[in-house]
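Trainee: 3D model of this:
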Amino acid sequence: MTDLCALLGIRHPIVLAPFGGLSSVALTTAVSAAGGLGSYGLYGYDADRICTTAAALRGSGPYALNIWLPTGDEVIPGPEHDTYAAALADFFAEVGIEPPARPERYLPPLDEQLDAIWEAAPAVLSVVFGVPSAGIVEEAHRRGIRVLGTATTVAEAVALEAGGVDAVVATGAEAAGHRVSFLKPAEASLVGLVSLVPQVADAVSIPVIAAGGIGDRRGVAAAFALGASGVQVGTSFLATAESAANDAHRAAIRSTSADGSVLTRAMSGRLARGARNRAVTAIEESGAIAPFPAQNWLTGRFRAVAGKRGLGELQSLWLGQSAPLARWDAAAEVFAELLAGVPAVD
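Mentor: Numbering: from 1, shown residues only. Model prediction:
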């Protein structure tokens, strides 16, 4: 089997999870500089913002840029927008803004993002919510860019290998943020990491990166024992000073028990794991959850204001089931703790 570190050009088999909306240059470069693979989530980024971000990331070591693949069920701005916005009127009023008018688009086109990524030439392109097209994989490889796909089931991992990705991230149901399932509904794809990783490792011949519920050296050691070639870690890094999370979000990470997180569609219209707060509860109780990406775009308007003001009850507080293990304040401390769990090379 291909060595993961050699494949990705890194010194240590530790990958920073890409945070859609919560990535920071400081955290990404800290992980890359430490010898791991820093990742930066490009959800919602247009070409100009991608180019600016990539310029800031250069020089610290190999890094990955992450995109969400279209699944085909995304809605576009239409007459229903005003109805969706009205359902969230209380939240807009609470932060002192008007319900946002219908935009020209909720998300930039994939082709626009890819053109900017090719220009940026990261070491790695990572994707979620599907199998990248043959054209994407071929162009990435032509440019010397490795491709990582993300699977929540064995069948998804097999599909990704058949699609030509270089390695697969097997992400268990414990993980923070969106459940990135694509062959079956997310609710029908909730496999825990201990079950998922060894079965994926048995089913594919490419390297497997374990993600979900890994928060310290013990989780790293367990992942390798299960057959992983590397680990991807999110919540423990998200709690550090280098991340884009604010104090309210970090406080939620440190105070949410393993059984305290929830899977909800309230904030984005897609299933995601985070802390329950007043916004999640109220939106779920209303039953008025717009389809993706309309719901994500709309809640994003009041969440952005709430984030600047530290209003945790109105934010998306993404975190995983191992949030109580996030005990370190600096990315370097987290990295050192994770590295202590990597098996010694004979």
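Trainee: in a helix, that's where Arg250 is, yeah?
Mentor: Yes: with the criterion set as DSSP: H, G, I helix; E, B strand; the rest coil, the secondary structure at Arg250 is a helix.
Trainee: for this protein, what are the low-confidence residue spans?
Mentor: Residues of the chain meeting the criterion pLDDT under 70: 1-2, 346.
Trainee: can we see that at 80?
Mentor: Counting by pLDDT under 80, the chain contains low-confidence ranges at 1-2, 345-346.
Trainee: Give me the longest helix you can find in it.
Mentor: Ranked by residue count, the top helix of the chain under DSSP state H comes out as helix 294-309.
Trainee: Please identify the buried residues of whichever helix or strand comes after that helix?
Mentor: For helix 294-309, the following helix or strand on the C-terminal side (DSSP states H and E) is helix 331-339. When burial is assessed from 16 or more other CB atoms under 10 Å, helix 331-339 yields the following buried residues: Ala331, Val334, Phe335, Glu337, Leu338, Leu339. Every C-beta, even on glycine, is put in place using the N, C-alpha and C of the backbone.
Trainee: Just give me how far helix 331-339 sits from the chain centre.
Mentor: Mean-position distance between helix 331-339 and its chain equals 19 Å (CA atoms, centre = their mean, to the nearest Å).
Trainee: which other residues reach it?
Mentor: Outside helix 331-339, the residues that touch it by CB atoms under 8 Å, 6 or more residues apart in numbering are 12, 14, 27, 30-31, 34, 36, 214, 216-217, 220, 231, 233, 236-237, 240-243, 328.
Trainee: could you redo the last one with a cut-off of 6 Å?
Mentor: Contacting residues not belonging to helix 331-339 are listed as 12, 14, 27, 30, 34, 216-217, 220, 236-237, 240, 242, 328 [CB atoms under 6 Å, 6 or more residues apart in numbering].
Trainee: what do you get for stretch 191-205?
Mentor: Contact with stretch 191-205 is made by 153-154, 157-158, 161, 170, 172-174, 208, 210, 212-213, 226-228, as judged by CB under 6 Å, 6+ apart.
Trainee: one more time with 7 Å
Mentor: With CB atoms under 7 Å, 6 or more residues apart in numbering as the test, stretch 191-205 has contacts from 1, 151-154, 157-158, 161, 168, 170, 172-174, 208, 210, 212-213, 223, 226-228.
Trainee: The stretch 101-250 of the chain: helices as residue ranges?
Mentor: Taking DSSP state H, counting those that start in this stretch to define them, one finds helices in the stretch 101-250 of the chain at 110-120, 134-142, 154-162, 193-203, 217-225, 235-238, 247-255.
Trainee: how about stretch 127-137: buried residues?
Mentor: Neighbour-count burial for stretch 127-137, counted by 16+ other CB under 10 Å, picks out Val127, Val128, Phe129, Gly130, Val131, Pro132, Ile136, Val137.
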